[in-house]
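1. Got a sequence here, can you build the structure:
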Amino acid sequence: MPSNSRSGFPLVLSLVEVMLLLVFAALMIYATDTVEGRGQDTQRIVDEPHNPDIAPPSRLDAVMEKNNDLEKQLNEMTRLMNELQLMVGAKGPTKEGFQEAIDNLKRGYALCEKNGNTLIEASVQNGEESLQVIGEIPSDLRVNLVKGDQTSDLEEIVSFLQDVYQYEKDQNCRFNYRLKYATDNDYRKAREGFEKYFYPEKMIRTG
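-> Numbers count the residues shown, from 1 in each chain. The predicted structure follows:
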C-alpha cells in the first residue's frame, strides 16, 4: 500500500503527543496546587494564633491572587486542549478520545468497526491466494461472503474486495486484515494487493 500520504505523520504525531503530555501535566499541577494551596492556607488560618501584625485580609488576598493565577493557567491549558482536539479530530477532550484520534492519524484512516475492526485473514502460500472472513460484516455492507466463509476463487475475492473498498470510501474508514505468508515474494504480493483495501493488523510467516 502506498505510504507517501502518511510519510509526514511521525513528526506531527510526536509534536501532538508532546503537547498533550504538557497539557495533562499542567492540568495535574493545577489540581495539585489548588488542593494543596487551599488546604495549607486554610489550616494556617485555623492553627495560627491571632497576630495583630498580620491582618487576615492580607493572607486572603494572597490566596485569591494565587487562585486567580492558577485559574488563568487552567483557562490557557483548556484553550490549548480544545485546539488540539480540533487539530487531531478527537471526539472528546479525554485521554481515550485523544488516543483514538492519534491512532487514526497513525493509520491514516478511521476504524470501520470499533469492536472488532479486523475483517479478513488473507493467506498467500507460494503464490496461491485465499481469503477467510473472520470479522462481523456490517449490516449495511453488501458483500458476497459472510463471517466464516473462505475462498481461493479469484473472482469471489476480487468482488469482495471491491465491495469492501466502496464501503470504506463511503464511510471514510478502513478495516484491518491479518496475513499469513510463506515466502518473501508472498509477503510482497500480499501487501501490494490487500493493502489497497485494508490496514495490516498482524503478519504471520508460515514458511
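2. Which elements pack onto the helix or strand where Phe175 lies?
-> Per DSSP states H and E: Phe175 is located in strand 173-181. The helices and strands touching strand 173-181, judged by 3 or more Cβ pairs under 8 Å, 6 or more residues apart in numbering; DSSP states H and E, are strand 110-111, strand 118-125, helix 154-171, helix 184-194, strand 198-205. To be clear about C-beta, it is placed using only N, CA and C from the backbone, and glycine gets the same treatment.
3. buried sites along the longest one?
-> By neighbour count, with 16 or more other Cβ atoms under 10 Å as the criterion, the buried positions of helix 154-171 are Ile157, Phe160, Leu161, Val164, Tyr167, Glu168, Gln171.
4. Name the surrounding residues that touch stretch 177-185.
-> 118-127, 134, 187, 190-191, 194, 197-207 (Cβ atoms under 8 Å, 6 or more residues apart in numbering).
5. ends of that stretch, how far apart?
-> 18 Å (Cα to Cα, to the nearest Å).
6. which parts of it are buried?
-> Tyr177, Arg178, Leu179, Lys180, Tyr181, Ala182.
7. now stretch 128-136
-> Neighbour count says stretch 128-136 has Glu129, Leu131, Gln132, Val133, Ile134, Gly135 buried, by 16+ other Cβ under 10 Å.
8. Put the alpha carbons of it into CSV.
-> Output of stretch 128-136 as CSV, limited to C-alpha atoms (Å, rounded to 0.1, in the frame of the first residue of the first chain):
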residue,chain,number,x,y,z
GLU,A,128,-1.6,-19.2,-4.0
GLU,A,129,-4.1,-16.7,-2.5
SER,A,130,-7.0,-17.4,-0.2
LEU,A,131,-9.2,-15.3,2.0
GLN,A,132,-11.3,-16.0,5.0
VAL,A,133,-13.8,-13.6,6.6
ILE,A,134,-13.1,-13.6,10.4
GLY,A,135,-15.0,-10.4,11.4
GLU,A,136,-18.6,-9.4,11.5
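9. Can I get the buried residues of helix 154-171 in CSV including pLDDT and distance to Lys114?
-> Formatted as CSV, the buried residues of helix 154-171 follow (pLDDT from 0 to 100; distance: Cβ to Cβ, whole Å):
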residue, pLDDT, distance to Lys114
Ile157, 96, 26
Phe160, 97, 22
Leu161, 96, 22
Val164, 97, 17
Tyr167, 96, 16
Glu168, 95, 15
Gln171, 93, 13
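10. Farthest-apart pair in the residues you listed, please.
-> Ile157 and Gln171 (21.1 Å; Cβ to Cβ).
11. Tell me the confidence at Leu60?
-> Leu60 carries a pLDDT score of 77 in this model.
12. Check the one 4 residues further on too.
-> Per-residue confidence for Met64 comes out at a pLDDT of 79.
13. Confirm that it sits in a helix.
-> Yes: per DSSP: H, G, I helix; E, B strand; the rest coil, Met64 lies within a helix segment.
14. If anything else comes up later, I'll come back, but that's it for now.
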